[in-house]
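J.: after the sequence you'll find the predicted model.
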Amino acid sequence: MILQCNDLVKKYINKTAVNGINFDAEKGKIYALLGPNGSGKTTLMKIIAGLVKPTSGTLTYKGNPIGVESKKRVAYMSTEPFFYNFMSVEDVGKYYKDFFEDFDVKRYEELIERMELGMKDKTKTLSSGLAAKLKIAATLARKAELYMLDEPLNGIDIIAREKIINTILESAREDSSMLISSHLVDELEKIIDNAVFIKNGSVVLYGDAEELRASHGKSIVELYKEIYA
Amino acid sequence: MEFDNNIPIYLQVIHDIKKDMVNGVLAMGEKLPSGRELAFKYKINPNTANRIYKEMEAEEICFTKRGRGTYVTEDKEKMKNVREEMAGSLLANFFEGMRQLGFTKEEVIQLLENKYDANNKQ
């Protein structure tokens, strides 16, 4: 297990975002974090990334609490853009290189080209789709142990989605794990090992995707519709 | 490749690879893509890709040379069986469908002949 979450709770003044989540992640596997908007996916990811402190519960990364060490190994991509307006695509690479020792400049250049971005492009002039691709390129250019991608397919057209899926698969090495949240379940169906269904801050169904399909006689997409309809 | 979400993914990919073996796109003894390459090709989970080769090895339609990759079987008999099995399951579906529609053997044969002739003219 590289990640273990026990009874995680995050309460805000008038809302419980995460309500007792138990979830473990193994090395070499791809996990889908599924659920509609507001179900707690993003809060859970932020807790794992160390950006939000849980109200209660425990969380360990390779047996240790979340902290400086885990942040070095975890590549988190949030839904909101995290670049300054004045930066060029090239600057984003430099900024990442300064921050993360596992950032691979060559891989970044390769991904930027694949995403049809230019190194001189200014981030503030990028369309929302291109900004989304830039976030993916920067995150996946890290050679992290755990990648957490929050809605990586949002704002990405159907043709480019295929590229993104392939790029995600390339980063899903035997020595890395991946946690992907999305409400575009169809796109994830084929690439995941495990599915985690979250509803109102709790895990309502969890398991190996192939086993879930076999035991329920339904695809992950159909299970999703059944759980959240 | 379009997947049917109701059939396990690994079975669908195995079916597709077998098809390529039977129709000669993949020659006997030819090297197959690595597990990772297979994952990229079909856009599937890398662990599923590895499982596909494990299943196919168990069926003895491919084999692994240690450290060098996975290869299509060189056993002609095996390949013949795969070809017949695949045809057999298509036929079984077809017959069941025609039987439910109430077609007789003669009618089915006539339909098949007409269809073949029409296709040949095109």
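T.: Here it is on my side, so go on. On a predicted model such as this, the values are computed, not experimentally measured, just so you know.
J.: can you pull the pLDDT of the closest residue to chain A within chain B?
T.: At 3.3 Å from chain A, residue B:5 is the closest residue in chain B, using CB to the nearest CB. Where C-beta positions appear, they are placed from N, C-alpha and C, glycine not excepted. On pLDDT, residue B:5 comes in at 75.
J.: ok, and the closest non-adjacent residue to residue A:108?
T.: Spatial nearest neighbour of residue A:108, chain neighbours left out: residue A:141 (3.7 Å); criterion: CB to CB, 6 or more residues apart in numbering or on different chains.
J.: tell me how many other residues crowd residue A:112.
T.: Neighbourhood size, residue A:112 [other CB atoms under 10 Å in any protein chain shown]: 22.
J.: surely it meets residue A:89?
T.: Yes - if you go by CB atoms under 8 Å, residue A:112 and residue A:89 touch, sitting 6.0 Å apart.
J.: circling back to that earlier point, torsion angles phi and psi at the residue of chain B closest to chain A?
T.: phi -70, psi -10 (degrees, to the nearest 10).
J.: which residue sits closest to it, ignoring its sequence neighbours?
T.: Residue B:5's closest residue in space is residue A:219 (CB to CB, 6+ apart), at 3.3 Å.
J.: residues contacting that neighbour?
T.: A:189, A:213, B:5-6 (CB atoms under 8 Å, 6 or more residues apart in numbering or on different chains).
J.: show me the shaky parts of the chain.
T.: In the absence of a named chain, chain A is used. For chain A, applying pLDDT under 70 flags no range at all.
J.: gap between the spatially closest residue to residue A:50 that is not a sequence neighbour and residue A:30?
T.: In space, and not counting its chain neighbours, residue A:50 is closest to residue A:66: 4.4 Å by CB to CB, 6+ apart. To residue A:30, residue A:66 is 21 Å away according to CB to CB, to the nearest Å.
J.: which stretches of chain A form strands?
T.: Per DSSP state E, chain A carries strands over the ranges A:3-12, A:15-25, A:30-34, A:56-61, A:64-65, A:74-77, A:146-150, A:177-182, A:194-199, A:202-208.
J.: tell me the centre residue of chain A?
T.: residue A:149 (1.8 Å; CA atoms, centre = their mean).
J.: now do stretch A:170-179: distance to the chain's middle.
T.: For stretch A:170-179, the separation from the chain centroid amounts to 11 Å (computed by CA atoms, centre = their mean, to the nearest Å).
J.: ends of it, what's the gap?
T.: 14 Å (CA to CA, to the nearest Å).
J.: residues contacting the residue nearest to residue A:50?
T.: Per CB under 8 Å, 6+ apart, neighbours of residue A:66: A:47-50, A:59-60.
J.: switch to 7 Å and redo it
T.: By CB atoms under 7 Å, 6 or more residues apart in numbering or on different chains, the contact set of residue A:66 is A:48, A:50, A:59.
J.: roughly how far is stretch A:167-178 from the heart of the chain?
T.: Its chain's C-alpha centre lies 12 Å from the corresponding centre of stretch A:167-178 when counted by CA atoms, centre = their mean.
J.: residues in contact with that stretch?
T.: With CB under 7 Å, 6+ apart as the test, stretch A:167-178 has contacts from A:2, A:25-31, A:111, A:136, A:140, A:144-147, A:152, A:191, B:39-40, B:43, B:46.
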